[in-house]
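Chemist: Pasting a predicted model and its sequence here:
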Number of protein chains: 2
Amino acid sequence: MQLFGIHTRLIEPKDNLVDVILDGLRRQKISMEDRDVLVIASKAVAVVQGRLVRLSSIEPSERAKKIAEKCNLEPSFVEVVLREAEEVYGGVSRALLALKNNVLIANAGVDHKNAPRGYAVLWPEKPHESAGKIRNEILEKTGKHVGVLIIDSRVTPLRMGTTGVAIGIAGFDPVRDCRSDKDLYGNSLLITRQALADDLASAAHLIMGEANELIPAVLVKNVPVNFSEEIDLDSAIISAKECLFMSCITQNRVFLADVYE
Amino acid sequence: MQLFGIHTRLIEPKDNLVDVILDGLRRQKISMEDRDVLVIASKAVAVVQGRLVRLSSIEPSERAKKIAEKCNLEPSFVEVVLREAEEVYGGVSRALLALKNNVLIANAGVDHKNAPRGYAVLWPEKPHESAGKIRNEILEKTGKHVGVLIIDSRVTPLRMGTTGVAIGIAGFDPVRDCRSDKDLYGNSLLITRQALADDLASAAHLIMGEANELIPAVLVKNVPVNFSEEIDLDSAIISAKECLFMSCITQNRVFLADVYE
């Protein structure tokens, strides 16, 4: 497997993202082939979709103000997070643990970082559909059938720092189901599945970085995934009841009760 | 960045792991260079360290028997998990959420999968030290200064399937601290760090697979990490108090109380 960071200029709201990426590939003399996977930073997709919120335009609720004080965040930023989130479970300094599009993610994907000053960037609209549209646009413009993966950064339990997480997937199966496979000793695997899209998100995240690298996309060749037009997006998520972590996560009643006082 | 899966025969307790891996590289005509990172599956390290437990030799406690019934696991397997774990927070069918070596990991790293029938494999002894020893052995045998990363599989909240997780690290900084960096718009990053070792673990996990692939190691070239003899292993972990997830995870009192009845 080979990963190539695609260097571009700063992506702006009026840009055509596919054109900017294809231009970057041409300048770096990297050819795109069938069965490559193009990994794109969620922020780049969000920016060209105009998913920017000017924080000074937001009127924070009382709830947002109280959470903001507890978590050392701006009230208007918290208000945007509360509007974007499907659930908020609790928080620490500078981050709320939120559910958004079936993903457990800090601040519901809302971010100041790499946003114009005074703005927050939201997650792309319908990330899986967005990935599909980008895939189709690439097919039209290049004739190549590629996989497309939109990724963001996430934190994971007890680990310092962020890794990649897959939020929009098109053209390849996000999960390898190993339940019919044999292990090294010929025993059948009972429950094992492999989160290939998240593994790939992390691989690309390593190349993209978190700061001003200007690498909003990574082209990956020889990815050991199953390419397919029709993929099962639900296979990548697990219900709260089956989830090893959610079975121990309860909404932080102390935290929320305080806020509702 | 390029990743090369190293195919080997089945690793056995009497093997010298470094020799098996170097032999695999030679047969595949892949050269190891300074500043490559060798990623190794924890199970391969554990097997050559003799970290196998014959489950029929284990006498399960009453607590283990009750948890086993709740979680659809063998009592002797649960007993081994309870002995290995520093904490157990709760569980779902076939998995307990446990703390081991500062990592939140299913079943405290104990696994039936890819273990000889009737045995469970534990995590390697002192994984960071084990990585350091492998690094030194490679330096002695090849003259090359490489990074070494021992990885396992983990599940993450609300996601179906496993990704890679770094459990033993030698020769490169596990985390990039971006707090002095500027973002795309020249704003300083306040809290961002990047979990490079975990990102790389996932990249390699994609290549290794979960079943009978016989790829216990992956050689990675052009990894964007900082190579160093003296690394800060504590930089890769976060305290429970600061952790976004742990702040919402409480030991599952219902689950444990029942068991203690």
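Modeler: That came in fine, so what should we check first?

Chemist: Strands along the stretch 101-250 of chain A, start to end?
Modeler: Secondary structure of the stretch 101-250 of chain A (DSSP state E, counting those that start in this stretch): strands located at A:103-106, A:119-121, A:147-155, A:162-170, A:176-177, A:193-194, A:217-221.

Chemist: so which of those comes closest to A:L184?
Modeler: Nearest of the strands of the stretch 101-250 of chain A to A:L184, taken as CB to CB: strand A:193-194 at 15.5 Å. C-beta: built from backbone N, CA, C; applies to glycine.

Chemist: A:L38 against A:V148, yeah?
Modeler: Yes: A:L38 is in contact with A:V148 according to CB atoms under 8 Å; the separation is 5.3 Å.

Chemist: intersection of neighbour lists for those two?
Modeler: A:I134, A:I138 (CB atoms under 8 Å, 6 or more residues apart in numbering or on different chains).

Chemist: hang on, the earlier thing: including mean pLDDT and distance to chain B, could the strands of the stretch 101-250 of chain A go into TSV?
Modeler: Listed next are the strands of the stretch 101-250 of chain A as TSV, based on pLDDT from 0 to 100; distance: least, CB to the nearest CB, whole Å:
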stretch	mean pLDDT	distance to chain B
strand A:103-106	95	4
strand A:119-121	96	9
strand A:147-155	97	6
strand A:162-170	98	5
strand A:176-177	92	7
strand A:193-194	93	4
strand A:217-221	98	9
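
Chemist: do you know which of those strands lies nearest A:L206?
Modeler: Taking CB to CB as the criterion, A:L206 comes closest to strand A:162-170 out of the strands of the stretch 101-250 of chain A, the separation being 7.7 Å.

Chemist: Quickly list the domain ranges of chain A.
Modeler: Structural domains of chain A, as assigned by automatic domain parsing, span the residue ranges A:1-50+A:124-230, A:52-122+A:238-261.

Chemist: deepest of these, which one?
Modeler: Of all the domains of chain A, domain A:1-50+A:124-230 carries the top mean neighbour count, a mean of 20, counting by mean count of other CB atoms under 10 Å in any protein chain shown.

Chemist: from the middle of its chain, how far away would it be?
Modeler: Domain A:1-50+A:124-230 has its C-alpha centroid displaced from the chain centroid by 10 Å (CA atoms, centre = their mean, to the nearest Å).

Chemist: in chain A, what spans have low per-residue confidence?
Modeler: Regions of chain A meeting the criterion pLDDT under 70 cover residues A:250-261.

Chemist: ok, 90 please
Modeler: A:89-90, A:112-117, A:178-192, A:209-213, A:239-242, A:246-261 (pLDDT under 90).

Chemist: Residues touching the longest helix belonging to it, excluding its own?
Modeler: Among the elements of type helix in chain A, defined by DSSP state H, the one spanning the most residues is helix A:127-142. Contact with helix A:127-142 is made by A:17-19, A:22, A:32, A:38, A:40, A:42, A:45, A:49, A:101, A:124, A:144-150, A:167-171, A:233, as judged by CB under 8 Å, 6+ apart.

Chemist: In contact with A:V20, which residues are there?
Modeler: Taking CB under 8 Å, 6+ apart as the test, what A:V20 contacts is A:T8, A:R9, A:I11.

Chemist: host element of the second one?
Modeler: Under the criterion of DSSP states H and E, A:R9 resides outside all helices and strands.

Chemist: what's the spacing between it and chain B?
Modeler: Remark: distance between A:R9 and chain B (CB to the nearest CB, to the nearest Å) = 10 Å.

Chemist: can you check the last one too?
Modeler: Taking CB to the nearest CB as the measure, A:I11 and chain B are separated by 9 Å.

Chemist: Kindly report the same for the first one.
Modeler: When CB to the nearest CB is the yardstick, A:T8 and chain B sit 11 Å from each other.

Chemist: Is that residue in contact with A:P216, as I believe?
Modeler: Yes: taking contact to mean CB under 8 Å, the distance of 5.8 Å between A:T8 and A:P216 places them in contact.

Chemist: what touches both of these two?
Modeler: A:I21.

Chemist: Now A:R54: closest residue in space, sequence neighbours ignored.
Modeler: A:Y119 (5.7 Å; CB to CB, 6 or more residues apart in numbering or on different chains).

Chemist: contacting residues around that neighbour?
Modeler: With contact set as CB under 8 Å, 6+ apart, A:Y119 has these partners: A:L52, A:V53, A:R54, A:L55, A:H112.

Chemist: Okay, and which of the residues you listed map to strands?
Modeler: Among the contacts of A:Y119, the residues falling in strands (DSSP state E) are A:L52, A:V53, A:R54.

Chemist: Looking at those residues, spot the one nearest chain B.
Modeler: Comparing the ones in strands among the contacts of A:Y119 against chain B with CB to the nearest CB picks out A:L52 as the nearest, at 11.6 Å.

Chemist: Pipe the contacts of A:V20 into TSV and attach distance to A:Q194 per row.
Modeler: As requested, the contacts of A:V20 are arranged in TSV below (distance: CB to CB, whole Å):
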residue	distance to A:Q194
A:T8	31
A:R9	36
A:I11	31
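
Chemist: quick one, phi/psi of A:E229?
Modeler: The phi/psi pair for A:E229 (degrees, to the nearest 10) reads phi -70, psi -40.

Chemist: which residues touch it?
Modeler: Contact criterion CB under 8 Å, 6+ apart gives A:G171 as the residues in contact with A:E229.

Chemist: mind checking the SS state of A:I40?
Modeler: When states are read from DSSP: H, G, I helix; E, B strand; the rest coil, the local structure at A:I40 comes out as strand.

Chemist: Surely it touches A:G147?
Modeler: No: the pair A:I40 / A:G147 is not scored as a contact, 11.2 Å apart, by CB under 8 Å.

Chemist: now the helices for the stretch 151-261 of chain A?
Modeler: Taking DSSP state H, counting those that start in this stretch as the criterion, the stretch 151-261 of chain A carries its helices at A:196-208, A:253-260.

Chemist: about what we covered before: which single one of the ones in strands among the contacts of A:Y119 is nearest to A:R176?
Modeler: A:L52 (36.1 Å).

Chemist: what pairs with the closest one across the strands?
Modeler: Counting by DSSP bridges, A:L52 is bridged to A:V121.

Chemist: quick one, what contacts it?
Modeler: If you count contacts by CB under 8 Å, 6+ apart, then A:L52 has A:P13, A:A46, A:A115, A:P116, A:Y119, A:A120, A:V121, A:L122 around it.

Chemist: cutoff 7 Å now
Modeler: For A:L52, the contact set (CB atoms under 7 Å, 6 or more residues apart in numbering or on different chains) comprises A:A115, A:P116, A:Y119, A:V121.

Chemist: Mind telling me what element A:V20 is part of?
Modeler: Using DSSP H and E, the element containing A:V20 is helix A:17-27.

Chemist: Now do that helix against helix A:127-142: the angle between them, please.
Modeler: With axes from the mean of the first three to the mean of the last three CA atoms, to 10 degrees defining the directions, helix A:17-27 sits at 50 degrees from helix A:127-142.
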